[in-house]
Structures are given as C-alpha cells and as structure tokens.
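[1] Have a look at this prediction, sequence included:
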Amino acid sequence: MTPMSLADRFFVDSMSETFREDPYPHYDTYRAHRPLVRAADTMWLCFGHADVAALLRDPKLSSDERRATTEIGCPEPGRLDTSLLFMDPPDHTRLRGLVARAFTPKRVADLRSTAEAITAGLFDDIRIAVASGEVVDVIRALAYPLPVRVICALLGVPETDAASFSRWSRALVRSLDPSVLRSAEVDAAIAAAEGDLAGYLEDLLSFRRTRPGEDLLSALATVEADGDRILPKEVVDLALLLLVAGHETTVNLIGNGVLALLRAPDQVELLRRRPELVAGAVDELLRFDSPVQMTQRVAIEDVEVGGDRVRAGDEIALVLGAANRDPSVFPEPNVLDVTRDARRHVAFGGGIHHCLGAALARQQGHVALSALLTRFSRLELAGSPVRRPTFTLRGLESLPVVFERAH
C-alpha cells in the first residue's frame, strides 16, 4: 500500500470528529513543513501567516475559481459563483465601488441601535428561560437570530421572513466548502435554497425599485457612478453574499467566541473588570477560532512561493485558521488573551477582497459580548457543544449554557 502523503492526510483528517472539534493541532503539523504543501497535481495548501497574508494580496492570484485547471476544490456552479466574492478586477473594482456608495460606514453605524434593540429583546427571552430553570442554547437564542435580524434590517426584509432567511442560509453555507467535502444531497439542497432565496430577493428588489425605503436594497437599486448603475442581478447576488458571508460568519463569531470565553473564565473576569477591552477582544476571538477557516485563490500566471513553482491554473487553499495561530506572529497562539493586539489576524481575508461587512460583524460581536457580560454574573457550559459539519465556515450547531442573572 502506498504511504499516505501529508496532503492526503489533511483531507482525511478534515473529515474526522477530532479535526472538527479542534483543527489547530493538525494545522501545526502542516505549518512546520514548507510554505506550500502539494494537495494534488494542481492544488496547494498554505498555512503560515506571512505567506497567507502575502498571497491574499498577490495580483497574480485570482478569486475566480472557474479559472482553475481542475475542479477539485471549486464550489458548485451557481449565483454565488458570479458574486463579488469570486470576481477579479476590473469587474470587482467597478462593483465594489458602486456597493461602497450604498454600504457606507454611516449605514453600518446607524445599525448599532438596531443591533442593541434586537439583543435586548433576545436577552429578555433568555432571562425568562433562565428564571424557569432552563439551559439556554446560545446559538439558537442569540448567535443565530441576532445577525439574521440585523441583515434583514439592513436589506429591508420584513422580520417575519427572518426564519426563511435562516433556513436558506444554513443550506447555502455548504457551497463555500470544497467540492471534495460535499455530497450530492448537500449540492441539491444548496441549489434549491439558492433558487428560493434568489426568487424572493428578485421580488423584493422589484418592489423596492417602485417603493424605496431607507434600506440597503433600496439604495443599491438606485446607486450610480459616472452613468454606471448596478444591475438588478448584481443586487440580488450581493444580497445573497451578504446573507451567507455576512450572517453565517457573524453567527460563528458569536458562537465560537462565547465558547472560547467559557473555556477561559479568567478572561471573562478580566472583561468584566475592564469593559473597554471588549472591542479588542472581538479581534482576539476572531483570531483564536476563526469563523472562516479557508479561502482559495487560482494562479493566473506562474508564481514562485517559498521555492515551489505554482503553475497558472493551480489552486492554492489559504488556511486562514492556521495563519491566525502562527506563533511567529502571535506568541502563545493557543492561549486566548483579550489584552493581545490581534489586529494582524486574517479572519476577514485581505487585499481587495477584505470582507465588506467586517465593521458590521465587529459591531454585532461587540454588542452581543457586552450585553452577555453585563446582564449575567455567571456563565457555564451545561453540556458538550456540537460542531456544524462544515469546514470553510467553522461554527457550532448548539452551545448549551447555564446563566445566572446579575443583580
């Protein structure tokens, strides 16, 4: 029997229960080797912070996975495939510029009061459950409903449709996983959810074009620069991206972050004593257990990385979660330290594809954690957390917690 290669072992490991619970020791094994690990004849893996950060910004690499020589890691073709996430210049430059005119810092800042009001209502429900002696699932009670309601408010979607948005989002998130980690059933569920959600958004956009509101969808429908207007299909694709990349990553930020803090009670007490640290703690939580573990790039011309020749058409999987635990950049990377300056993390990617919703995600993380720390005097795990069966987006299915109200 042929010995299993290092790269083969990575894909075998990535489907195991131990990897899903804690992939970071596995990443250490791969980071100790060359900057790139060959995963297949046309696919590479990258784990170190310096190389990941540089490749995220390298103009010789494309985000359009349709340019790959093979389809070993490509997402299933669909509308997300043609979204801003997978575009290159000049199309990316044009569309991102138009979006920036509508998705302004002021619009994000104005959502803070919305996020705070939603959070207050969710915590009122949690308090009722706590008073009844219930164990609270933080994912169901806080991490999931907060981001989806904020995204609905951002897009102008009626809150009564938030449950449908959550259902579609849970299916669509699997489209970001490499194809080798998906089944035919998963791909069918992705296609069905994408069709349903796109149809819903097309109808809503048509309504907003005749009856505009103060929401992002209305603003996008009318945004213009030098005579160039954003197309209806582009608006729908962007809304799809915001739901999947915006909502799901924030769910994971809150869920992974709360779990990390529950396992580091000294850090919780430090944040209680010094609430001014919460904003920086959000970045440390993003670094410590990244909501997005991997992104991919395709070489559009031959490029050399650490002595390895990557050919045009080859794919490079940039393992963001591994880069964020690189000890050459973050001393004692496996220790959660809310006083650490973690702003060099790559949880939001980098370069021209740096996450458009980074400020919104940080805002919601800050609001949720601040409320959690001030409203409850004790937080303890009440059972085993359950991880979701996804790789690219790392998050929890459930997180049972015992709360004690602050007096």
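    All right, it came through fine.

[2] can we go C-alpha only for contacts and neighbour counts from here?
    OK.

[3] Which helix or strand lies directly C-terminal to the worst-scoring helix or strand of the chain on mean pLDDT?
    Sorting the helices and strands of the chain by mean pLDDT, DSSP states H and E puts strand 224-225 at the bottom, at a mean of 66. Next in sequence after strand 224-225, counting helices and strands by DSSP states H and E, comes strand 228-229.

[4] What strands flank that next one, and is each parallel or antiparallel?
    Sheet pairing of strand 228-229 (DSSP bridges) gives strand 224-225 (antiparallel).

[5] does the most centrally placed residue in the chain count as helix, strand or coil?
    The centre of the chain sits closest to T249, judged by C-alpha atoms, centre = their mean, with a distance of 2.9 Å. Secondary structure for T249, judged by DSSP: H, G, I helix; E, B strand; the rest coil, is helix.

[6] Surely it is in contact with V292?
    Yes. Contact criterion C-alpha atoms under 8 Å: T249 and V292 qualify, at 6.8 Å.

[7] Now do the shared contacts for those two.
    Common contacts of T249 and V292 (C-alpha atoms under 8 Å, 6 or more residues apart in numbering): L393.

[8] all strands for the chain, in order.
    Per DSSP state E, the chain carries strands over the ranges 36-40, 43-46, 61-62, 136-137, 224-225, 228-229, 294-299, 303-305, 308-310, 315-319, 376-381, 386-387, 396-398, 400-405.

[9] What is the burial count for the residue nearest to E304 when sequence neighbours are not counted?
    Nearest non-adjacent residue to E304, counting by C-alpha to C-alpha, 6 or more residues apart in numbering: V310, 5.9 Å away. Residues near V310, counting by other C-alpha atoms under 10 Å, number 22.

[10] swap in E202?
    Neighbourhood size, E202 [other C-alpha under 10 Å]: 17.

[11] For the strands of the chain, please prepare JSON lines with the additional fields distance to P212.
    Output for the strands of the chain, formatted as JSON lines (distance: least, C-alpha to C-alpha, whole Å):
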{"stretch": "strand 36-40", "distance to P212": "49"}
{"stretch": "strand 43-46", "distance to P212": "45"}
{"stretch": "strand 61-62", "distance to P212": "36"}
{"stretch": "strand 136-137", "distance to P212": "37"}
{"stretch": "strand 224-225", "distance to P212": "15"}
{"stretch": "strand 228-229", "distance to P212": "16"}
{"stretch": "strand 294-299", "distance to P212": "35"}
{"stretch": "strand 303-305", "distance to P212": "47"}
{"stretch": "strand 308-310", "distance to P212": "48"}
{"stretch": "strand 315-319", "distance to P212": "40"}
{"stretch": "strand 376-381", "distance to P212": "41"}
{"stretch": "strand 386-387", "distance to P212": "40"}
{"stretch": "strand 396-398", "distance to P212": "36"}
{"stretch": "strand 400-405", "distance to P212": "41"}
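
[12] For the ones you listed, which has the smallest mean pLDDT value?
    Mean pLDDT is lowest for strand 224-225 out of the strands of the chain, coming in at a mean of 66.
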